[in-house]
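Q: The sequence and its predicted three-dimensional model are supplied below.
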Amino acid sequence: MDKQVNYPALAEALAALTSGIPYEIANLANAAALAWEDESRMDAVGERLYKPVAEHCGTTEQTVERLIRHAVESAMDTVGVLRIYGFFGNTIDPMRGKPTNAEMIGMLAQHMRVTSAD
């Protein structure tokens, strides 16, 4: 896994969501790319997504989880709820108001699967 994931669908999905969001997005991009490559990784996000990203970046799983959470929160603040809803449809719990880390990773991976199949 390259530090800069260069999958066209991932780049497009992240660009649509993340204009101006800091480097934490690299952890989200790496996790989404892993989930795209192997959907079963979503069954154990900590062990099968955070751990390999942490090893790749030379940090801990907890740091990766926190940075991805920050990236999700930044996306919601920077881009806005309406744009996120427009991008992912009605898949975000309206009571919570934002996706969990796993939901965001899963939605990005699913978007990549759909757009790469075109």
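A: Yes, it's here. Residues are numbered from 1 along each chain as shown.

Q: which stretches of the protein have low pLDDT?
A: Counting by pLDDT under 70, the low-confidence segments of the chain come to 1-25, 88, 91, 117-118.

Q: Recalculate using a threshold of 50.
A: Within the chain, the ranges that satisfy pLDDT under 50 run 1-7.

Q: Which parts of it are helices?
A: Taking DSSP state H as the test, the helices found in the chain are 8-18, 25-37, 45, 51-57, 61-79, 81-88, 101-116.

Q: Other residues contacting the shortest one?
A: This means helix 45. 31, 101, 102, 105 (Cβ atoms under 8 Å, 6 or more residues apart in numbering). To be clear about C-beta, it is placed using only N, CA and C from the backbone, and glycine gets the same treatment.

Q: among these, which two are most distant?
A: Across the contacts of helix 45, no pair lies farther apart than 31 and 102, at 9.3 Å, counting by Cβ to Cβ.

Q: So between those two, which is more surrounded?
A: Using other Cβ atoms under 10 Å, the more surrounded residue of residue 31 and residue 102 is residue 31, with 30 against 15.
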